[in-house]
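Undergrad: Any chance you could fold what I've pasted below:
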Amino acid sequence: MKIIFFVSGTPRPGGSKTIGRTASGELFLRDAGGKGNAIWRRAVREAARHAMDGRPVLTGPLSLAVHFWLPRPKSHFGTGKHACRLKPGAPVSHVIAPDATKLLRSTEDALTGIVWVDDSQVVTQLATKNYQTTLTSVGATIEVFSWRS
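TA: A predicted model of the protein is given here:
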């Protein structure tokens, strides 16, 4: 089985987890990803539910490919009448933070229980980070392939 879908929105990295105790002694888990991470995960879950269309979660080994499309900074564009044109030296690839593994972490976590039982089922993965182009929107294209028919 193959599932391919697009998630619209700005991809956000999964934050580091901190375990601690409150003043009253209760345990807590804090995700440093913040509000942006929660918004991204919600968008991933909604797109995944739509793509699964009521099918049960996948079991067994899976391959995952995620192509992240990130917004370009304004400094990549010209000014004045050239404001909508990329500067000749504007990079093609997104080689600044956040790193691909952290983007992948938050995305994989959001797919748990919707597309697969657990992200430990992912035995091969590919993650790319690119700037949004005129042909793409900000977001991510997610492809999941089951090793079983």
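Undergrad: quick one: the helices in the protein?
TA: With helices called from DSSP state H, the chain shows them at 34-52, 100-111.
Undergrad: Most distant residue from the centre of the protein?
TA: Residue distances from the centre of the chain (C-alpha atoms, centre = their mean) peak at Ser24, which lies 35.8 Å from the mean C-alpha position.
Undergrad: Tell me how far that residue lies from Thr18.
TA: Ser24 sits 18 Å away from Thr18, going by C-beta to C-beta, to the nearest Å. (Glycine included, C-beta is placed from N, CA and C.)
Undergrad: Same question for Met1.
TA: Counting by C-beta to C-beta, the gap from Met1 to Thr18 is 37 Å.
Undergrad: least trustworthy helix or strand in the chain by mean pLDDT?
TA: When the helices and strands of the chain are scored by mean pLDDT, DSSP states H and E, strand 27-31 comes last with a mean of 67.
Undergrad: give me every residue that touches the residue nearest the centre of the chain.
TA: Of all residues in the chain, the one closest to the mean position by C-alpha atoms, centre = their mean is Thr107, 4.1 Å from it. Contacts for Thr107 (C-beta atoms under 8 Å, 6 or more residues apart in numbering) come out as 7, 11, 40-41, 44, 66, 140, 142.
Undergrad: is it possible to export the residues you listed to a markdown table including pLDDT, neighbour count and distance to Arg55?
TA: Compiled in a markdown table, the contacts of Thr107 are given as follows (pLDDT from 0 to 100; neighbours: other C-beta atoms under 10 Å; distance: C-beta to C-beta, whole Å):
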| residue | pLDDT | neighbour count | distance to Arg55 |
| --- | --- | --- | --- |
| Val7 | 98 | 25 | 18 |
| Pro11 | 96 | 27 | 25 |
| Trp40 | 96 | 24 | 23 |
| Arg41 | 96 | 20 | 21 |
| Val44 | 98 | 27 | 17 |
| Val66 | 98 | 23 | 20 |
| Ala140 | 98 | 27 | 20 |
| Ile142 | 98 | 24 | 15 |
